[in-house]
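K.L.:
Here is my input; please provide its structure:
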Amino acid sequence: MKLVFWTSLVFVAYTYAGYPLLVWALSRLRREPDAAPEAVARWPSVRVIVAVHNEQDRVAAKIANLRELDYPRDKLRIVFVSDGSNDATNDRLAKEADVEVLSYPVRRGKPHALNTAVEAASEEVLVFTDVRQSLAPRALRYLVARLLAPGVGAVSGELVHLDPQTHAAAHIGLYWRYEKWIRKSESRLASNLGVTGALYAIRRVDYKPVPEDTLLDDFEIPMRILRGGKRIVFETRAQVFDELQRSVSGERLRKVRTLTGNFQSFARNPWLFSPLANPVFVQFVSHKVFRLFVPYALALLLVSALLLDGRGYRLAAGAQLAGYAVCALGLAWPRLREHRLVSFLVVFLELNWAAVLALGNFLGGRIDSRWEKT
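P.N.:
Model prediction:
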């Protein structure tokens, strides 16, 4: 039982602290060449793709934002794909003369929308973004300049959250800053394990149609490029802005969908688990796989601590039970979540519970590529 306790403890500690510190330290030994937009002699043609479903209230603001981008206008093509919208989305898009609109009556899901937008594309670079977020004026230049660097196959922008209005949002934001710190280190060391779905760029020649039941296009598409020998990098200067989820339940829905997509991608890409086929095998297992099993390690940690004799084990069990009790109180009385510690613990618990729910969704076949607003 001691082996179970200490193995579980080391596993959780490595996943949340050991690996991030290790990849950060190793990344400091590597110097990343600067990809300055000023050094680009010829800007390639770009197709910006936005998939939407019933977004009548957002498309105008998104188009206005894309028109303000600092990129050669004769090299930029804006394409909206309306995935079975049945509100006023199509009518509002039809009024925009400089926007290409692709639409079809039956909702098919985001992967089908992306495949449709890319199928007839002749532009050299594809940029994918969502309707909700706004891009910084020079975001495209930074994305493309980085993509033109030798060995780079996909470039992720940086999602910047606006000032949170609640403590729950603040601690979701804290988690996201922690995640970005890891991604920056992974990018500098070797390669990222996916991109920010709100903004990323690839070359047209590297795009392969994704299966229509795919949940995570922002993982599947770049990881195929990684398998082909190119890097996925994180460009912090290519910023895209969004608001945080203000409720834990909203973040739970988003996280459950994302983690369900992870299980789906793992099952259909077994090469990811081969050290010979996956050039970032250690990063993949440490960052993507281990986190999905932290909830079970925490359960083993608690059970083994309760069964073992000794003051240290009793303290460990007591601390874990106290944390769960605080979370339960925070969920029962929302006002308690105004306290930072309570809010942080609730978010941590919810994120791990989302991993359990995601596994249940995947094993139960509850997969739907038609995204819903959260």
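K.L.:
Show me the shaky parts of the stretch 201-350 of the chain.
P.N.:
Counting by pLDDT under 70, the ranges of the stretch 201-350 of the chain that qualify are 244-251, 337.
K.L.:
can you give me the strands in it?
P.N.:
When assigned using DSSP state E, counting those that start in this stretch, the strands of the stretch 201-350 of the chain occupy the ranges 231-242.
K.L.:
now the spatially most central residue of the chain, what's its secondary structure?
P.N.:
In the chain, the C-alpha closest to the average C-alpha coordinate belongs to Thr196, at a distance of 4.7 Å (CA atoms, centre = their mean). For Thr196, the assignment made with DSSP: H, G, I helix; E, B strand; the rest coil gives coil.
K.L.:
Do I have it right that it meets Phe219?
P.N.:
No - Thr196 lies out of contact with Phe219 (CB atoms under 8 Å); the separation is 10.9 Å. Quick note: C-beta positions are derived from backbone N, CA and C, even for glycine.
K.L.:
returning to that earlier point: quick check: phi and psi at the residue nearest to the centre of the chain.
P.N.:
phi -80, psi 120 (degrees, to the nearest 10).
K.L.:
Next, the contact list for it, please.
P.N.:
Residues in contact with Thr196, defined by CB atoms under 8 Å, 6 or more residues apart in numbering, are 156-159, 218, 240.
K.L.:
For Glu100, give me its contacts.
P.N.:
Listed by CB under 8 Å, 6+ apart, the contact set of Glu100 reads 77-80.
K.L.:
By neighbour count, which of those wins?
P.N.:
Phe80 (28 neighbours; other CB atoms under 10 Å).
K.L.:
Rounded mean pLDDT for the one helix or strand that one maps to, please.
P.N.:
Per DSSP states H and E, Phe80 falls inside strand 76-83. Per-residue confidence for strand 76-83 averages out to 96 on the pLDDT scale.
K.L.:
Tell me which residues are up against the helix or strand following it.
P.N.:
The element immediately downstream of strand 76-83 (helix or strand, assigned by DSSP H and E) is helix 89-94. Contact partners of helix 89-94, identified using CB under 8 Å, 6+ apart, comprise 52-56, 59-60, 80, 82, 99, 101, 103.
K.L.:
Now do stretch 13-23: distance to the chain's middle.
P.N.:
Per CA atoms, centre = their mean, to the nearest Å, the displacement of stretch 13-23 from the mean C-alpha position of its chain is 19 Å.
K.L.:
Please apply the same query to stretch 202-212.
P.N.:
In this view, stretch 202-212 has its centroid 18 Å away from the chain centroid, taken as CA atoms, centre = their mean.
K.L.:
which parts of it are buried?
P.N.:
202-204, 207, 210 (16 or more other CB atoms under 10 Å).
K.L.:
What strand or helix carries Asn54?
P.N.:
Asn54 is located outside every helix and strand, with elements delineated by DSSP H and E.
K.L.:
how many other residues sit next to it?
P.N.:
Using other CB under 10 Å, Asn54 has 16 neighbouring residues.
K.L.:
One more: Ala322?
P.N.:
Counted with other CB under 10 Å, residues neighbouring Ala322 total 11.
K.L.:
hmm, back to that, in JSON lines: the buried residues of stretch 202-212, plus distance to His112.
P.N.:
As requested, the buried residues of stretch 202-212 are arranged in JSON lines below (distance: CB to CB, whole Å):
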{"residue": "Ile202", "distance to His112": "18"}
{"residue": "Arg203", "distance to His112": "22"}
{"residue": "Arg204", "distance to His112": "18"}
{"residue": "Tyr207", "distance to His112": "14"}
{"residue": "Val210", "distance to His112": "9"}
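K.L.:
now, the most widely separated pair of those?
P.N.:
Checking the buried residues of stretch 202-212 against each other with CB to CB, the farthest-apart pair comes out as Arg203 and Val210, at 15.9 Å.
K.L.:
ranges for the strands of the stretch 1-150 of the chain?
P.N.:
For the stretch 1-150 of the chain, the strands defined by DSSP E, counting those that start in this stretch cover 46-52, 76-83, 99-104, 125-129, 134-135.
K.L.:
Reformat those into JSON lines and put distance to Leu226 next to each item.
P.N.:
As requested, those are arranged in JSON lines below (distance: least, CB to CB, whole Å):
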{"stretch": "strand 46-52", "distance to Leu226": "21"}
{"stretch": "strand 76-83", "distance to Leu226": "25"}
{"stretch": "strand 99-104", "distance to Leu226": "28"}
{"stretch": "strand 125-129", "distance to Leu226": "16"}
{"stretch": "strand 134-135", "distance to Leu226": "24"}
